[in-house]
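1. sequence? don't have it. structure:
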């Protein structure tokens, strides 16, 4: 067996990655977008380890966001969008948590959140945009004032200022940088040198990873140095941004992973049904998260037949003709 | 009895606004249908792109989310959110965005955040996503709505995305240099916005739908003096929609 000596210190299990890098109250950015490339395996492990009071920072998220909220791991949320595409236009446990007043939340837009990650990555205190002018995003502060004094929480949601380069009335919106404690990214490939390659759309994963103090990458495959360096134009992150690497095939299930597998309509429909009911949702967590001792066991439950159905056609990158109702 | 569905009429009505050369920002659901139909029927040289960063995908199957793997295939470029938003507002590009909303007001401002109190809402929705951003930056926004009185309201519970703001020149005065609400496509009609007041008016009612019914289902007064009957989709429009755009009937 290859011991991958270049990344030996970073290679670890899901259990160890969460134990070492995630604490109660951690501020966490999750990669992916709605029903694609969510870091599910690591999210399930966070739930199993009973991590509490997470401060999640997201743009548009779906399954990982919803299951973490549903399991009671999340205290605070900065978010642009909580939805699972056509499977749940609004994420169900997210919706319930807000309606019941169970979590603290702050709304932004996708572009605003992405700019906030970019500001963190660039080491500047804020970025600016015109998006938000006239919107209630700039009228309602979601977080109570006392939170605003805490580390890694901006002392206000945004600021509006006059463009200093224009003498005429010209307003811009300033958005505070985000520097999360941890970013969780699921990638298709990590090279044995630690280089990360995300295939397909990268969403805001690059900005999220570079804005964070610690980056945990779960991946489908670890590939030879000769492969990852043959075509470096395809690569996403250099090795030195990555603190933990966990090889977890199907680690984004039931969300999709381009060129490897599609999102799993059967599981997303099951989730939609159970998420509506508190008791069924608890049973779902007992069965699919607490009740499995390894990711292999989780995949066994998903079943070979289903995994073959969602297997991506390597040319198209998705499962052609998959029944997605 | 019409031989087409509400969704088919809506997709075709919205698609008619797209012109060759437009860059079309598509959301989920009906807006994917409309964008794809527009490209196949009216504007083959339009380019469809997604806020997630997929630019000009071949869309051989209908995506179920804007991040769907199907928006990554056959593209000219797979990128990310920063690149996508640099396209929406680009000064060289004419961009048309398709959005949906829970509530809309007479100036085309949209609510996709909450019904009721913001902090303890009666119903929480997904939130802005990219809607606030594209409403600020795109050259024009077309919104899909189910035509109900509780959705067409004088006062939004939450203004997520700015249309014509308070009417007249108020959008420009906010500091938004271009764009605004272009049209609202509902299951009953197509609404447009007055050039001067920026108030919504009835432009086209669908065959078989009365003007009275539209007025009754709109929660604010609307001008109906410019209304005319909409052209129904042609047999060829419907064939393309059913056989090429959404053969799996995921949205239709």
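-> Sure, I can see it. The structure displayed is predicted, hence computed values, not measured ones. Numbering: from 1, shown residues only, chains lettered A, B, ... in the order given.
2. how about the contacts made by the residue in the stretch 51-200 of chain B that chain A sits nearest to?
-> When C-beta to the nearest C-beta is the measure, the stretch 51-200 of chain B has its nearest residue to chain A at residue B:65, with 2.8 Å between them. Any C-beta I mention is one placed from the backbone N, CA and C, and that applies to glycine too. By C-beta atoms under 8 Å, 6 or more residues apart in numbering or on different chains, the contact list for residue B:65 reads A:33, A:34, A:35, A:36, A:62, A:83, A:84, A:85, A:86, A:263, B:28.
3. what strand or helix carries the closest residue to the first one other than its chain neighbours?
-> What that stands for is residue A:33. In space, and not counting its chain neighbours, residue A:33 is closest to residue B:67: 3.7 Å by C-beta to C-beta, 6 or more residues apart in numbering or on different chains. Following DSSP states H and E, there is no helix or strand that holds residue B:67.
4. hmm, back to that, nearest to residue A:237 among the contacts of residue B:65?
-> Of all those, residue A:33 has the smallest distance to residue A:237: 17.1 Å, by C-beta to C-beta.
5. and the residue of chain A closest to chain B?
-> For chain A, the nearest residue to chain B under the criterion C-beta to the nearest C-beta is residue A:85, separated by 2.8 Å.
6. can you pull the pLDDT of the residue lying closest to residue B:192 once chain neighbours are set aside?
-> Once flanking residues are discounted, residue B:192 sits nearest to residue B:203: 4.2 Å by C-beta to C-beta, 6+ apart. Per-residue pLDDT puts residue B:203 at 98.
7. residue A:218 too?
-> pLDDT for residue A:218: 98.
8. if I pick it, what's in contact with it?
-> Applying C-beta under 8 Å, 6+ apart, we find residue A:218 in contact with A:14, A:39, A:41-42, A:184-187, A:245-248, A:251.
9. just checking: what are the partner strands of the helix or strand where it lies?
-> Secondary structure here is read from DSSP H and E; on that basis residue A:218 sits in strand A:214-223. When pairs are called by DSSP bridges, strand A:214-223 turns out to pair with strand A:182-191 (parallel), strand A:244-247 (parallel).
10. deepest in the core, which of those strands is it.
-> Across the strands paired with strand A:214-223, the average number of neighbours (mean count of other C-beta atoms under 10 Å in any protein chain shown) peaks for strand A:182-191, which reaches a mean of 27.
11. so how far is that one from its chain's centroid?
-> The gap between where strand A:182-191 is centred and where its chain is centred comes out at 10 Å by C-alpha atoms, centre = their mean, to the nearest Å.
12. swap in stretch B:205-218?
-> Counting by C-alpha atoms, centre = their mean, stretch B:205-218 is centred 20 Å from the centre of its parent chain.
13. what does it rub up against?
-> Under the criterion C-beta under 8 Å, 6+ apart, residues B:2, B:9, B:13, B:147-149, B:152, B:188-189, B:202, B:222, B:224, B:227-230, B:232 lie in contact with stretch B:205-218.
14. check contacts around the nearest residue to the residue of the stretch 51-200 of chain B closest to chain A once chain neighbours are set aside.
-> Of all residues beyond its chain neighbours, the one nearest residue B:65 is residue A:85 (2.8 Å), with distances taken as C-beta to C-beta, 6+ apart. Residues touching residue A:85, when contacts are defined by C-beta under 8 Å, 6+ apart, comprise A:34, A:35, A:62, A:263, B:28, B:64, B:65, B:66, B:67, B:68.
15. picking that back up, buried residues in the strand holding residue A:218?
-> For strand A:214-223, burial by neighbour count (16 or more other C-beta atoms under 10 Å in any protein chain shown) applies to A:214, A:215, A:216, A:217, A:218, A:219, A:220, A:222, A:223.
16. ok, stretch B:67-77 next?
-> B:67, B:68, B:69, B:70, B:71, B:72, B:73, B:75.
17. show me what contacts the second one?
-> Residues counted as contacts of residue B:68 (C-beta under 8 Å, 6+ apart) are A:35, A:36, A:85, A:256, A:263, A:318.
18. ok, 10 Å please
-> With C-beta atoms under 10 Å, 6 or more residues apart in numbering or on different chains as the criterion, the residues that contact residue B:68 are A:33-36, A:85-86, A:201, A:256, A:258, A:262-263, A:318, A:324, B:28, B:32, B:50, B:52, B:54, B:57, B:59, B:61-62.
19. for the third one, same thing?
-> Contacts for residue B:69 (C-beta under 10 Å, 6+ apart) come out as A:35-37, A:199-201, A:256-263, A:312, A:316-319, B:54, B:57, B:61, B:63.
20. give me the number of residues near the nearest residue to it once chain neighbours are set aside?
-> Once flanking residues are discounted, residue B:69 sits nearest to residue A:318: 3.8 Å by C-beta to C-beta, 6+ apart. Using other C-beta atoms under 10 Å in any protein chain shown as the criterion, residue A:318 is surrounded by 30 other residues.
21. what's the burial count for the residue lying closest to residue B:129 once chain neighbours are set aside?
-> Nearest non-adjacent residue to residue B:129, counting by C-beta to C-beta, 6+ apart: residue A:81, 3.5 Å away. Here the count is done by other C-beta under 10 Å, and residue A:81 has 31 residues near it.
22. quick one: residue A:81 and residue B:102, what's the gap?
-> Counting by C-beta to C-beta, to the nearest Å, the gap between residue A:81 and residue B:102 amounts to 13 Å.
23. what do these two both touch?
-> Here residue A:81 and residue B:102 have A:90, B:112, B:113, B:125, B:126 as joint contacts, going by C-beta under 10 Å, 6+ apart.
24. and the strands in the chain?
-> Chain wasn't specified; assuming chain A. For chain A, the strands defined by DSSP state E cover A:27-30, A:54-57, A:60-61, A:74-79, A:81-82, A:104-107, A:126-129, A:159-162, A:171-176, A:182-191, A:196-197, A:214-223, A:244-247.
25. think we crossed wires, I meant chain B
-> Secondary structure of chain B by DSSP E: the strands cover B:23-25, B:47-49, B:54-55, B:77-78, B:95-100, B:103-104, B:110-111, B:114-116, B:121-124, B:140-145, B:181-186, B:189-193, B:200-205, B:228-229.
26. can you add distance to residue A:140 and give the ones you listed back as JSON lines?
-> Conversion of the strands of chain B to JSON lines gives the following (distance: least, C-beta to C-beta, whole Å):
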{"stretch": "strand B:23-25", "distance to residue A:140": "26"}
{"stretch": "strand B:47-49", "distance to residue A:140": "30"}
{"stretch": "strand B:54-55", "distance to residue A:140": "32"}
{"stretch": "strand B:77-78", "distance to residue A:140": "35"}
{"stretch": "strand B:95-100", "distance to residue A:140": "21"}
{"stretch": "strand B:103-104", "distance to residue A:140": "16"}
{"stretch": "strand B:110-111", "distance to residue A:140": "12"}
{"stretch": "strand B:114-116", "distance to residue A:140": "10"}
{"stretch": "strand B:121-124", "distance to residue A:140": "11"}
{"stretch": "strand B:140-145", "distance to residue A:140": "22"}
{"stretch": "strand B:181-186", "distance to residue A:140": "22"}
{"stretch": "strand B:189-193", "distance to residue A:140": "26"}
{"stretch": "strand B:200-205", "distance to residue A:140": "25"}
{"stretch": "strand B:228-229", "distance to residue A:140": "41"}
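27. go through the ones you listed and name the closest to residue A:46.
-> Put simply, out of the strands of chain B the one that sits nearest residue A:46 is strand B:121-124, at 23.3 Å, with distance taken as C-beta to C-beta.
28. tell me the strands beside the closest one, with direction?
-> Sheet neighbours of strand B:121-124, with direction, are listed as strand B:114-116 (antiparallel) (DSSP bridges).
29. and the contacts of the strand it pairs with?
-> By C-beta under 10 Å, 6+ apart, the surrounding residues in contact with strand B:114-116 are A:98-99, A:107, A:136, A:140, B:102-103, B:120-125, B:127, B:150-151, B:156-158, B:160.
30. residue B:150: neighbour count?
-> Other residues near residue B:150 come to 11 when the count uses other C-beta under 10 Å.
31. let me redo that: residue B:126
-> The tally of other residues near residue B:126 (other C-beta under 10 Å) stands at 26.
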